[in-house]
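Engineer: Sequence and predicted structure below; questions after.
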Amino acid sequence: MFRNITIGQYIPGDSVVHKLDPRIKIIITFIFIVATFLINKLSGYLFAVFYLYLIITISKIPFSYILKGLRPVIIILLLTVSLNMFFTPGGTILYTLGPLKITTTGLRLAVFMGLRLIFLSIGTSLLTLTTSPISLTDGIEHILKPFSRIGVPAHELAMMMTIALRFIPTLIEEAEKIMKAQMARGADFESGNIVKRAKGLVPLLVPLFISAFRRADELAVAMESRCYRGGQNRTRMKQLKIQPRDYQALAVTLIMVLLIVWNRVWTW
Amino acid sequence: MPIKVENLSFVYNEGTPYATVALNNVTFEIQDEEFVGIIGHTGSGKSTLIQHLNGLLKPTSGKIYINGVDITDKKVSLKDVRKEVGLVFQYPEYQLFEETIFKDIAFGPTNLGLSEEEIEKRVYEAMDIVGISRELADKSPFEVSGGQKRRIAIAGILAMKPKILILDEPTAGLDPKGKEEILNKIKEIHDKYKMITILVSHSMEDIARFADKIIVMNKGRIEVIGTPREVFREAEKLEKIGLGVPQITSLARELQKKGVAIPEDILTIEEAKEYIVRYLRGTKNV
Amino acid sequence: MEHVINTQNLSFEYHAEEQTRHLVLKDINLQFEKGQFIGIIGHNGSGKSTLAKHFNALLLPTEGKVYVKGMDTKDTNHLWDIRQAAGLVFQNPDNQIVAAIVEEDVAFGPENLGIPPDEIRERVEYALKAVGMWEYKDYPPHMLSGGQKQRVAIAGIIAMKPECIILDEPTAMLDPIGRREVISTIKKLNKEDGITVILITHFMEEVVDADRVIVMDDGKVVLDGTPKEVFKEVTLLKKIGLSVPQVTELAHQLKREGFDVPLDILTVEEMVEFLCR
């Protein structure tokens, strides 16, 4: 049933955006987030819009997936917009709804904050839409590597993420099997209030946890048998190489940032 | 509680690009007290089939009658079906979770809403049948051996007193001695409680010993169905789908081809010996 | 000529500090030569898996010594050389695959050895082709069958270029198709690539073609010889909870009826040949 699960939102493709070095993509996403916060007027968003439009078109990701990526933040979005809209003092009052007042300042702030949230969301989901979890892990490991000298466990973090990615589908399958076995014994995972349902998860979670620990144990033995001894002196088969297109992507991003900064600073 | 399955079909992920036909128009009957073996490779549909019999899965099309009741009918509560049909999955020891062996075996009966006295009675009875000493009742199920864990898991289903007992590869991962023990135990339970017992396996040897009827599955369909002897006569068909017959049956067929007076539906070594002894005494008696 | 593996008076127990001694291995003396296909059979609890773990220093002897390629397993300086020389494949196909993609998992071993990236690529390709899984190099493990996963695990060991591969009940959790895949892969690696193979199993059919079969019971070696020599000891094998091929049992029974049947018949063909002379 879950055989073809894709972790996160990754949609395979062979666009230029897909092929960019994951380190560059992570850095670019970071730069984009910072740039979004630098925007202080609505007009600044135009540059962000063009930039995102460019990426979305090149990546060939269907727009429906982009919108789907906004689903998790819908609640925060509505909350942000409403709070800003109703509770911002100052400006001319446009509409009154009992104790709640909608003012011009409030409206402008609501739109501004709402847009910021939307752009942040789209920007980050573009990263996960175009980069496979394994590439992301590689990218993070390479970026953190120089920091291992000051104690950041870059290799260990990357190994943890890799193993998690490897076992999530396996554990999901096992959870299904355990659920079925317990349902065959009359367990009920569907009915009841929150408390009852939480208690009802014990027959699923206990065996699953025990199994996960057992797997971890066996995996550790297998890894040691293949001479694993941490990240020291370890080589990697997959090498990340920066290509001209990575420099180009970086350049385009920096141009966008400069335009946003110019927009911020320029007051007319 | 006879079972009747009519034109059962099941499609996984129906309507998506990942749709796969797991069962294709399966029809068969199982009578009271029968010991049935279902054999087939991984992907033949045997696991999907048994999950329909206890209501874990609902057919895409077709009907299933248990004791005359159509369990595919919307009005039938699947939870009630699971009270009568016990299903022991593969590697059942991985589903243990309670603090004590007693509590784990009691999980099923408790979910049936039985009284405490009844639950206690059933738990101890089940422990006795599978051969787990009553003294272990307060021990953690995680402190005992793998073989004992498996028996505890089976006891957990037996304590629900199902009228139909289904076991999916109960010998998986066991060594020859372990296999013997568990198969004999299952036969014992079948004979004592006279319940319908369905054993799913990919070992022809395991199934042939006790089964009244064998259902051979391949790619979602029933390939052959009949008594062990009837099924073994279809040896070519079985070999074509990658399932063999027991080595001794294979020997009988080869000998028959060479002109030895021996039937090709031999089930056991003893049977083969009789015919071969006769042959040796006949031909070597010059 | 140096033995690949050499055990001298090897005895082992798990908790040596406790009062009551419970030896899992008792005075094992075995020497394995390069290029052989050796089968070790025994029921669960006979000590065979414990023995396997001594061959790559996962466990160290309580008494006696174990030498891999001449190196003492107790010598910590040689630990990683020993583990590279003696590769171990385990029973559970899932719990030995580390990476989320087949190719990367096979590379895991060489990466640990610090092999240069280009050479790793060559080794990975060679290993995956040797087990017949090269077309699956981009697959995630959860989309493979048990037999395929075990072959990937074997490839992961081959990529480390070991002296010998030890397989601890590799087919116990597989269905018959998976079992056939794995055993034929192992046999091919031994016959065609000359890799020393030590197969630990309780499936007698798997060691019928071995060069040497060792039978263990209660921590001791009770039989050691060619498959024919070992399998004709039907009474002993049954006593210790093992089974023999049905035709071998039949030969045994016929002999008891007074017929002069060779007791080392292992296959249907051999029996037919004998009976229809």
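Structural biologist: In hand now; what should we look at?
Engineer: do the host helix or strand of residue B:117 and chain A meet?
Structural biologist: Per DSSP states H and E: residue B:117 is located in helix B:116-130. No. With Cβ under 8 Å from any Cβ of the partner chain as the criterion, chain A is not reached by helix B:116-130; the gap is at least 12.2 Å. For glycine as for every other residue, the C-beta is placed from the backbone atoms N, C-alpha and C.
Engineer: tell me what whichever helix or strand comes after that helix is packed against?
Structural biologist: Per DSSP H and E, helix B:116-130 leads on to helix B:146-158 as the next helix or strand towards the C-terminus. Identification of packing neighbours for helix B:146-158 by 3 or more Cβ pairs under 8 Å, 6 or more residues apart in numbering or on different chains; DSSP states H and E yields strand B:85-88, helix B:101-111, helix B:116-130, strand B:164-168, helix B:176-193.
Engineer: how far away is the residue of chain B at minimum distance from chain C from residue A:40?
Structural biologist: Of all residues in chain B, the one sitting closest to chain C is residue B:177 (3.7 Å; Cβ to the nearest Cβ). Noted for residue B:177: a distance of 78 Å to residue A:40, by Cβ to Cβ, to the nearest Å.
Engineer: Just want to know which of these two has more residues nearby.
Structural biologist: Between residue B:177 and residue A:40, counting by other Cβ atoms under 10 Å in any protein chain shown, residue B:177 is the more crowded of the two (18 against 13).
Engineer: So which bits of the stretch 51-200 of chain B are right by chain A?
Structural biologist: B:51, B:54, B:56, B:79, B:82-83, B:86-89, B:92, B:94-97, B:107-108, B:111-112, B:142, B:156-157, B:160.
Engineer: Any chance of a PyMOL selection covering the buried ones in those residues?
Structural biologist: Here is the PyMOL command that selects the buried residues among these (16 or more other Cβ atoms under 10 Å in any protein chain shown):
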select buried, chain B and resi 51+54+56+82+83+86+87+88+89+92+94+95+96+97+107+108+111+112+156+157+160
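Engineer: What ranges in the stretch 151-286 of chain B fall below the confidence cut-off?
Structural biologist: B:283-286 (pLDDT under 70).
Engineer: Walking through it, point out its helices one by one.
Structural biologist: Per DSSP state H, counting those that start in this stretch, the stretch 151-286 of chain B carries helices over the ranges B:176-193, B:204-210, B:228-232, B:235-240, B:247-257, B:269-283.
Engineer: what does the stretch 51-200 of chain A give?
Structural biologist: So, for the stretch 51-200 of chain A - with DSSP H, counting those that start in this stretch - the helices run A:63-68, A:74-87, A:104-130, A:133-144, A:154-183, A:194-200.
Engineer: Pipe those helices into JSON lines and attach mean pLDDT and distance to chain B per row.
Structural biologist: Listed next are the helices of the stretch 51-200 of chain A as JSON lines, based on pLDDT from 0 to 100; distance: least, Cβ to the nearest Cβ, whole Å:
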{"stretch": "helix A:63-68", "mean pLDDT": "82", "distance to chain B": "16"}
{"stretch": "helix A:74-87", "mean pLDDT": "84", "distance to chain B": "25"}
{"stretch": "helix A:104-130", "mean pLDDT": "87", "distance to chain B": "19"}
{"stretch": "helix A:133-144", "mean pLDDT": "89", "distance to chain B": "20"}
{"stretch": "helix A:154-183", "mean pLDDT": "92", "distance to chain B": "4"}
{"stretch": "helix A:194-200", "mean pLDDT": "87", "distance to chain B": "10"}
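Engineer: Out of those helices, which is closest to residue C:229?
Structural biologist: Among the helices of the stretch 51-200 of chain A, the nearest to residue C:229 by Cβ to Cβ is helix A:154-183 (42.6 Å).
Engineer: Show me how the chain divides into domains.
Structural biologist: Assuming you mean chain A. A:16-131+A:241-265, A:155-225 (automatic domain parsing).
Engineer: hm, I was asking about chain B
Structural biologist: Split by automatic domain parsing, chain B gives B:3-240, B:246-286.
Engineer: among those, which is the most enclosed?
Structural biologist: domain B:3-240 (a mean of 19; mean count of other Cβ atoms under 10 Å in any protein chain shown).
Engineer: OK, now which residue of the stretch 151-277 of chain C is nearest to chain B?
Structural biologist: Closest point on the stretch 151-277 of chain C to chain B, by Cβ to the nearest Cβ, is residue C:241, at 3.7 Å.
Engineer: Name the residues linked to the residue nearest the centre of chain B by a beta bridge.
Structural biologist: Centroid-nearest residue in chain B: residue B:199, 0.9 Å away (criterion: Cα atoms, centre = their mean). Taking DSSP bridges as the rule, residue B:199 bridges to residue B:37, residue B:167.
Engineer: and the gap between it and chain A?
Structural biologist: 16 Å (Cβ to the nearest Cβ, to the nearest Å).
Engineer: Check residue C:100 too.
Structural biologist: On the measure of Cβ to the nearest Cβ, residue C:100 and chain A end up 4 Å apart.
Engineer: That residue against residue A:164, yeah?
Structural biologist: No. Proximity of residue C:100 to residue A:164 does not meet the contact threshold set by Cβ atoms under 8 Å, at 9.1 Å.
Engineer: Which one of these two is surrounded by more residues?
Structural biologist: Taking other Cβ under 10 Å, residue C:100 and residue A:164 do not tie; residue C:100 has more neighbours (25 against 14).
Engineer: Minimum distance to residue C:171: which of the helices of the stretch 51-200 of chain A has it?
Structural biologist: Of all the helices of the stretch 51-200 of chain A, helix A:154-183 comes closest under Cβ to Cβ, at 19.7 Å.
Engineer: Sounds good, over and out.
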